[in-house]
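Enquirer: Coordinates for the following, if possible.
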Amino acid sequence: MSSEPEPIGEAARQALEKELADVRGERDSVAATLRDSDTVGDLADGADELQRADEVQRLDARISEITTRLRQAADVSRPSADVVGVGSTVTVRFEDGTQDTFQIGAVADVLDSSLITADSPLGHALLGHRAGDSVSYRAPEGQLTAVVVSLGGTPG
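Expert: Numbering: from 1, shown residues only. Presented below is the predicted three-dimensional model:
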């Protein structure tokens, strides 16, 4: 595994920024429930306070992870128009004659079926290829081939 930051596309960047805003909001809500350390309470209050403090620490750690990822990411601003890479939109024709258009991303998005990751079997096989190239990849159904029809366009 490389020590270089992995690139992320605009959709992944936006998803991380939204998650960061959500986690910061949750952290602020939990932190607002913490009492001043001079307040005296019973043991149950103390245990509840410790749980909330642990939750603030967990949220702080996630905020740090997201912030670091966003800061270090090499933004995928202009994928090559000639060669498939992370950030590329590629139309592929499968063996059964069907065609589909995908965006190659660094991170999966379960809500976006037009996004495939660069480390998935098909995504990995497509990397570095050009329109007209045939690629082979292993899928649950076995060894498959597909042809790169074009680069660019709209996924979906």
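Enquirer: Strands of the protein, start to end?
Expert: For the chain, the strands defined by DSSP state E occupy 89-94, 99-105, 115-117, 134-139, 142-151.
Enquirer: Which of the residues in stretch 116-124 are classified as buried?
Expert: Using 16 or more other C-beta atoms under 10 Å as the test for burial, stretch 116-124 gives 116, 117, 118, 120, 121, 122, 123, 124. All C-beta spots, glycine's among them, are computed from the backbone N, C-alpha and C.
Enquirer: Could you report the separation of the fifth one from residue 129?
Expert: Distance of residue 121 to residue 129, computed by C-beta to C-beta, to the nearest Å: 14 Å.
Enquirer: ditto for the fourth one
Expert: Distance of residue 120 to residue 129, computed by C-beta to C-beta: 15 Å.
Enquirer: Helix or strand with the lowest mean pLDDT in the chain?
Expert: Sorting the helices and strands of the chain by mean pLDDT, DSSP states H and E puts strand 115-117 at the bottom, at a mean of 82.
Enquirer: Which neighbours in the sheet does that one have, and how are they oriented?
Expert: Applying DSSP bridges, strand 115-117 is found paired with strand 99-105 (parallel).
Enquirer: Only alpha carbons, please: show the partner strand as PDB.
Expert: What follows is strand 99-105, C-alpha atoms only, in PDB (Å, rounded to 0.1, in the frame of the first residue of the first chain):
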ATOM      1  CA  GLN A  99     -23.400  -0.900 -22.300                       C
ATOM      2  CA  ASP A 100     -23.100   1.000 -19.100                       C
ATOM      3  CA  THR A 101     -21.400   4.200 -18.000                       C
ATOM      4  CA  PHE A 102     -19.400   4.400 -14.800                       C
ATOM      5  CA  GLN A 103     -17.300   6.900 -12.900                       C
ATOM      6  CA  ILE A 104     -14.100   5.400 -11.500                       C
ATOM      7  CA  GLY A 105     -13.700   6.500  -7.900                       C
END
